[in-house]
Structure formats: structure tokens, C-alpha cells
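> Sequence plus the predicted model coming up.
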2 protein chains.
Amino acid sequence: MKYYPRPESGLDTHEVNLAIEEAFREHGTGNFQMPPKVYILFPNGDFRTMPAYLPAEQLAGIKCVNVHPANPGKGLPTVMALTIILDIETGLPLAILNATGLTDLRTGAAGAIATRYLARKRSVTLGLVGTGRQAAAQLEAISREIEITGVRVWSRKEESAEKFVKKFSRFDCRTSTLPFVCDSDVIVTTTPSRSPVVMDEWIQDGTHINAIGADAPGKEELDPAILKRSMVIVDDPVQAIHSGEINVPIRQGLFSPEEISGTLGEVVLGRKKRADNGQITVFDSTGLAIQDLAIAAIAMKNGKFLELEFP
Amino acid sequence: MKYYPRPESGLDTHEVNLAIEEAFREHGTGNFQMPPKVYILFPNGDFRTMPAYLPAEQLAGIKCVNVHPANPGKGLPTVMALTIILDIETGLPLAILNATGLTDLRTGAAGAIATRYLARKRSVTLGLVGTGRQAAAQLEAISREIEITGVRVWSRKEESAEKFVKKFSRFDCRTSTLPFVCDSDVIVTTTPSRSPVVMDEWIQDGTHINAIGADAPGKEELDPAILKRSMVIVDDPVQAIHSGEINVPIRQGLFSPEEISGTLGEVVLGRKKRADNGQITVFDSTGLAIQDLAIAAIAMKNGKFLELEFP
């Protein structure tokens, strides 16, 4: 059994994007096992168990991931993860991976694939609402799939936005007000908000939005009116209804599961696409266990590991 | 983050039994989180994900365990397991344990605790139906809780029974026919059977039975008529109905969930006990994630570990 302490180092972002695209293709065909995430609730956070099996790729395993919002004050990441990969023939654990960095990358990759298929142009302005680790991962991943001509950035804390802009000075990157950030071809929201941050009146026709932040019941970043005039694509309907961007509007009766237009897997398979250049498209990402398997598989190809005694 | 490659070595069986008793006490009070096991099905086996949280012991984590019946032919155990223990305040993974041996021990301990509380005498004859790793674990664990005056052993393969008897020659241990094995004060069944092996007419009044083998839908070791004349105690009602000894009789309409007399936790708390010396008692064990947490906690106290880089 191998342990990979830094499996994200040396990974090529475009290669990650293609592996995640392949996982969504499998999801679109229905050839997978992926029971709903199981939540355990702690006083200051939670942890989630995400098992899955992709027969076509002979890949199976489980990711175990926590969310503890107060961690940065203690010098730890909010989200930390481990992935276990099993041999399908014998059930033997083949590898354990530190999946903290991989989780950032595979979520960024889903946003990049959604943007490649759903944005109306190959060359876009990008608006980032939120400037944490996931905003960085989205920017890196999207920039490998389409051309970014300019980036506008907003954070609740102005200094975070300024720090982000400095870090990504190789892009034409500047801070701005929320309405101006939202006047972009592609918008990516990555905040932990529990009420709408992005208002309907700021969104132009033809915009594509990656709604990434909402990944637990009660979380919400978009004015529900945006969803009503959009083509809403989810990563997985069960997870999106439970904990994605649409979970609060559904609970409030402002959106219904029948209004979901399709899954990213169906988009990758060419079964769903934007109707015209004026349509607004929203990708509601919750994060799938099959993404974790797919990125673990490519990380194991060249990653440095330690051999552990087992069984 | 620590890795424990052999955490079962050096553990005292009685100490394990007491830790498992404590876990069942917590289960009896209802102060725990333990979502149902999640199953992923492979062509030749399965794997199960078992997360849990015991607030009173400040213990949380997850066990990941496979069942691949053809493994012994490939030189691997049928069942292999890993347990991850998390820090509750931060979600940081504190330890990963090779839980293959621990799984045997914690299941043996549940049988020992059930026997201590439910057998009608402190000094008993023991009948073992099945002679695999779990039969050995049950014998070791039970012998630490009550006196065993003789052991009768049966296996489908006679040579397995003979090998077992040789290995446990320190007990008054001999092979026998099934009816004679079942004419014991305490019977332990540990076979992978999918139809009844132990018949009703062989069971004397006052017998206690640990029904261990059935841990997946379709598995069954006891004639359902035994259940009808017994006090049936389960480790957890949800799991027992889904995959324990009672799962097949319930599906066949021969037993109903209302006929469950109680849980081992309620027995440990003194809320349930055998009515009289004539009553037959059956403990239906499926294996709980809180048992895995409890044994991991004591294994981490003195076990040898390797420090792994994380996060």
C-alpha cells in the first residue's frame, strides 16, 4: 500500500482537466456507482464520506473530507481530505493519497470543463466572486481551456482581493465592485455565503456562471431569479438538490428539480448545449466522488510515494 | 498523521472487550452518530464505508472494509480494512490504522460481551459452527469473560475443524457433528452460509447463540424457527434488518422487526435481560462503526506507528 503525501505536485492542469472530463463522460453514460455523500456533524464542522466505483476505468475508492470554517485561524486548511484507492479484484487498498490539494484541482477542473462547453465564446472576460483557494484553482484550470482576456476580482475582504490580484499579475487582473465583476462573460462564485451575493440585475444575457461555493444545505450565492432565466446544469442531481446552489431555492419553493436542464456529463456527451448566444448558463458544482477517483488515478502515475506495510 | 501497520499486536483481549462494552453502552444511550453502512458492489466482492462519531469519547472516523470471498486462494484475507481517526475540533486526520486484525477482535469482543450478559451461567460449554478467523476471535474473547469447560467444533471442511482443534488444544476442544455441537450452553455461528445451518430441533432451552456470520443481505445461518422461540438482541436494528441474521426471515415474512427484543446497548445498560433460565437468547451481530472507533482508540494508546506527512 502506497502513501502519496503531495500527489498534486507536478500535475499538469490540462491533463487533470481531461481526466475530469472523462469522469463526467462516464457519469453521463450512467456507468458508475456513487452513493450519496454521508455527513457526520461536529460542533465546529463536519466530515463527509464519498465512496465510488468507475467500472470503465477499473477505479474504486473513497474520499474522506472535512469542512471546518474556523481552521485558518488555527493554521490549518478549512478542507482536508484523504482518498483511498482499492483493487477491484481483491479489495486490497492500493494507495492512500493526501487529497487536500487534489480536491482544489478536481473542483477547478470541473469548472474549466463546464466553461469550455458552456461559455458562448473561446475568449472571455472572467469575474471572480470570492478569492480563496478555489478561486485560484478555477482561474488556473479555466485559463488552460479557453483564453482569458481580463479578470475582475471581488472579495468581502478588500485585502484578500488585492492579494489575489498581486498573485495572479500574469493575468490582466484587477479588483472591482461586485456589479462590475458580474459584468463578465464568465463568472465564478466561490464564497461560503448563506444568502445571495450575486444579483439578477447585474447579469447580462449570454453569461456563463460556475456556482462553486454552495456545497452543503443552507449555502447559496446566486439570486434565485438568475436560475429562473438560466439553463441550469448540475454535476449530479441528487447532490445538487441536497446541497448545491439550487438547494435553498428548492427548499423555498423558488426553483424545482424539474427545472434542472441536465448534467455536466450530458453536456460532455453532447446531449445538452446552450440554446443560443443569449442564454445564461449556470453550472451548479457540488463535487463528485468520481472526480476524486479520476484525479487520484493520474496523481498515482508519477507521484512520489512511501511504501506502507499492509495487510 | 500516524500510520499503525499492526495495531492489534500487544492488545489485551479483556481490555478490548471492555472498550467495546463501553461503545455499546454509548449506543444504548443514543449519544452517537452512525449513518447506515454504504455498500459498493464489485463483480467478485464489495466494499463498505462505515463513518461514526462518539461525542462522549471525543472519537470520530471511518472504517473502509472489503469482502472478497475468493481472496484466500490469492493469498489475501477475505476481509481487509483501514480505519481513519479524525480530530473533532479541526477535522484533521490524526491516524490511519490497518484495521484487518482489529476487525476480527472487535467482532469477537461484541460476542464476548453479549455472552457475558446473556448466557445463563458463568461456566459454559461452547459450540463453534464454523472455524475461520472469526471463530478463533470469538473463542479468545469469550474465554476472557466467562469460564469455558469444553469446546465442540464443526466445520463444513473436516480438516479445517481438525486444524482448529489442534490450534486451540489449551481448551478442552474436539470436533463433533453439528447436532452435538449445538447441544452446548453457548453456540457461536461464523459461517458465510446463505441458508440455515443450525436447526431448531438441536437447540436446548436456555442456550445462548452468537449469530455472527450473517453480515450482508441474503446471508443466514439459523433455522428461523429458532428466532421465533428466542429473545433476539441485535447490535443495531437498522443494520440487523438490512443485513443481519434476521434479514432473510424478515424478507420471507417469517420474522418481523417488531419481534426484536432489544439492542446489546440496552442489555449493557441493564434495560433488557433474559426472562428466565429456560429462555433461548440470540445475539445478531452485524458489526458497528462505533466498535471500530473504540478499538482504534485503545490500539493508538501503545501501538507502534509511522509519522506521515500531512496535510
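Arrived safely.
> can you give me how far stretch A:6-22 is from the chain middle?
Relative to its chain's centre, stretch A:6-22 lies at 14 Å (Cα atoms, centre = their mean, to the nearest Å).
> ok, residues contacting it?
Residues from elsewhere that reach stretch A:6-22 (Cβ atoms under 8 Å, 6 or more residues apart in numbering or on different chains): A:57, A:97-99, A:101-102, A:104-106, A:108-110, A:112-113, A:140-141, A:144-145, A:268, A:291, A:294-300, A:302-304, B:309. (Glycine included, C-beta is placed from N, CA and C.)
> the helices in chain A, which residues?
A:13-29, A:100-118, A:133-143, A:158-167, A:178-181, A:224-228, A:237-243, A:247-251, A:264-268, A:289-302 (DSSP state H).
> Redo those helices as TSV? Include mean pLDDT and mean neighbour count.
Formatted as TSV, the helices of chain A follow (pLDDT from 0 to 100; neighbours: other Cβ atoms under 10 Å in any protein chain shown):
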stretch	mean pLDDT	mean neighbour count
helix A:13-29	97	21
helix A:100-118	98	25
helix A:133-143	97	23
helix A:158-167	97	15
helix A:178-181	98	18
helix A:224-228	98	19
helix A:237-243	95	19
helix A:247-251	98	20
helix A:264-268	98	24
helix A:289-302	97	23
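> mind putting those helices in CSV, distance to B:Gly127 included?
Listed next are those as CSV, based on distance: least, Cβ to Cβ, whole Å:
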stretch, distance to B:Gly127
helix A:13-29, 50
helix A:100-118, 51
helix A:133-143, 59
helix A:158-167, 68
helix A:178-181, 74
helix A:224-228, 64
helix A:237-243, 47
helix A:247-251, 54
helix A:264-268, 54
helix A:289-302, 44
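> closest to A:Gly278 out of those?
helix A:100-118 (13.5 Å; Cβ to Cβ).
> Let me know the angle separating that closest one from helix A:13-29.
For helix A:100-118 against helix A:13-29, the angle by axes from the mean of the first three to the mean of the last three Cα atoms, to 10 degrees is 70 degrees.
> Does anything pack onto helix A:100-118? Which helices or strands?
Counting contacts by 3 or more Cβ pairs under 8 Å, 6 or more residues apart in numbering or on different chains; DSSP states H and E, helix A:100-118 packs against helix A:13-29, strand A:79-86, helix A:133-143, strand A:208-211, helix A:264-268, strand A:280-284, helix A:289-302.
> Partner strands of the fourth one and their direction?
Partners of strand A:208-211 in the sheet, by DSSP bridges, are strand A:186-189 (parallel), strand A:280-284 (parallel).
> Deepest-packed of those, please.
Across the strands paired with strand A:208-211, averaging neighbours per residue (mean count of other Cβ atoms under 10 Å in any protein chain shown) puts strand A:186-189 on top, at a mean of 28.
> and the residue of the stretch 201-311 of chain A found nearest chain B, what does it touch?
Nearest residue of the stretch 201-311 of chain A to chain B: A:Glu309, at 3.9 Å (Cβ to the nearest Cβ). A:Glu309 sits next to A:1, B:5-6, B:98 when contact means Cβ under 8 Å, 6+ apart.
> who are the neighbours in contact with the most centrally placed residue in chain A?
Nearest to the mean C-alpha position of chain A, counting by Cα atoms, centre = their mean, stands A:Thr107 at 3.0 Å. The contact partners of A:Thr107, taken as Cβ under 8 Å, 6+ apart, are A:134, A:137-138, A:212, A:285, A:287, A:291.
> per-residue confidence for A:Asp215?
pLDDT, A:Asp215: 89.
> what number of residues lie near it?
A:Asp215: 23 surrounding residues under other Cβ atoms under 10 Å in any protein chain shown.
> From chain B, how far out is the closest residue to A:Gly101 other than its chain neighbours?
Leaving aside its chain neighbours, A:Gly101 sits nearest to A:Glu8 (3.3 Å; criterion: Cβ to Cβ, 6 or more residues apart in numbering or on different chains). Here the criterion is Cβ to the nearest Cβ, to the nearest Å. By it, A:Glu8 lies 11 Å from chain B.
> A:Ala225 and A:Asp200 touch, don't they?
Yes: with contacts counted by Cβ atoms under 8 Å, A:Ala225 reaches A:Asp200, the gap being 3.8 Å.
> can you pull up the bridge partners for the closest residue to A:Arg229 other than its chain neighbours?
Of all residues not flanking A:Arg229 in the chain, A:Ile280 sits nearest, at 6.0 Å (Cβ to Cβ, 6+ apart). Listed by DSSP bridges, the beta-bridge partners for A:Ile280 are A:Ser230.
> need the contact list for A:Ile280.
A:203, A:205-209, A:226, A:229-231.
> from the stretch 101-250 of chain A, which residue is nearest to chain B?
A:Gly101 (8.5 Å).
> Return the residues in contact with that residue.
A:6-9 are the contacts of A:Gly101 under Cβ under 8 Å, 6+ apart.
> From A:Asp292, how far off is A:Asn66?
As judged by Cβ to Cβ, to the nearest Å, A:Asn66 and A:Asp292 stand 14 Å apart.
> and if you look at A:Lys272?
24 Å.
> who touches A:Asn302 in this structure?
Taking Cβ under 8 Å, 6+ apart, one finds A:Gly10 in contact with A:Asn302.
> quick one on the thing from earlier: tell me how many other residues surround the residue nearest to A:Gly101.
Quick note: A:Glu8 (other Cβ under 10 Å) scores 20 neighbours.
> Now do it, the pLDDT please.
Per the predicted model, pLDDT is 97 at A:Glu8.
> re the thing from before, which stretch among the helices and strands packed on helix A:100-118 comes nearest A:Leu41?
Of all the helices and strands packed on helix A:100-118, strand A:79-86 sits nearest to A:Leu41, with 15.7 Å by Cβ to Cβ.
> Centre of the chain to the closest one, how far?
Distance of strand A:79-86 from the chain centroid (Cα atoms, centre = their mean) equals 16 Å.
> ok, and the closest non-adjacent residue to A:Leu139?
A:Phe168 (6.3 Å).
> go on, A:Ser256?
A:Ile250 is the one closest to A:Ser256 (Cβ to Cβ, 6+ apart), at 6.6 Å.
> Wait, A:Gly130 touches A:Val181, no?
No: in this structure, A:Gly130 is not within contact of A:Val181 by Cβ under 8 Å, at 10.1 Å.
> Which positions in stretch A:62-79 come out as buried?
A:62-68, A:71, A:76-79 (16 or more other Cβ atoms under 10 Å in any protein chain shown).
> what's the span of that stretch, first residue to last?
16 Å (Cα to Cα, to the nearest Å).
> ok, back up a step: drop anything exposed from the contacts of A:Gly101.
A:6-8.
> Export the residues you listed to a markdown table and append columns for distance to A:Arg156.
A markdown table is the format used below for the buried ones among the contacts of A:Gly101 (distance: Cβ to Cβ, whole Å):
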| residue | distance to A:Arg156 |
| --- | --- |
| A:Arg6 | 31 |
| A:Pro7 | 32 |
| A:Glu8 | 27 |
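> what residues does the stretch 201-311 of chain A put near chain B?
Within the stretch 201-311 of chain A, the positions near chain B by Cβ under 8 Å from any Cβ of the partner chain are A:306, A:308-311.
> Ok, the stretch 51-200 of chain A next?
Contact residues, the stretch 51-200 of chain A versus chain B (Cβ under 8 Å from any Cβ): A:51-53, A:60, A:62, A:64, A:66-68, A:71, A:74, A:76-77, A:80, A:82, A:84, A:86, A:88-93, A:96, A:98, A:100.
> Looks like the residue nearest to A:Ser256 contacts A:Ala240 (just checking).
No: judged on Cβ under 8 Å, A:Ile250 makes no contact with A:Ala240 at a distance of 9.1 Å.
> re the thing from before, just put the helices and strands packed on helix A:100-118 in JSON lines and tack on distance to A:Asp235.
Listed next are the helices and strands packed on helix A:100-118 as JSON lines, based on distance: least, Cβ to Cβ, whole Å:
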{"stretch": "helix A:13-29", "distance to A:Asp235": "8"}
{"stretch": "strand A:79-86", "distance to A:Asp235": "17"}
{"stretch": "helix A:133-143", "distance to A:Asp235": "14"}
{"stretch": "strand A:208-211", "distance to A:Asp235": "11"}
{"stretch": "helix A:264-268", "distance to A:Asp235": "5"}
{"stretch": "strand A:280-284", "distance to A:Asp235": "7"}
{"stretch": "helix A:289-302", "distance to A:Asp235": "8"}
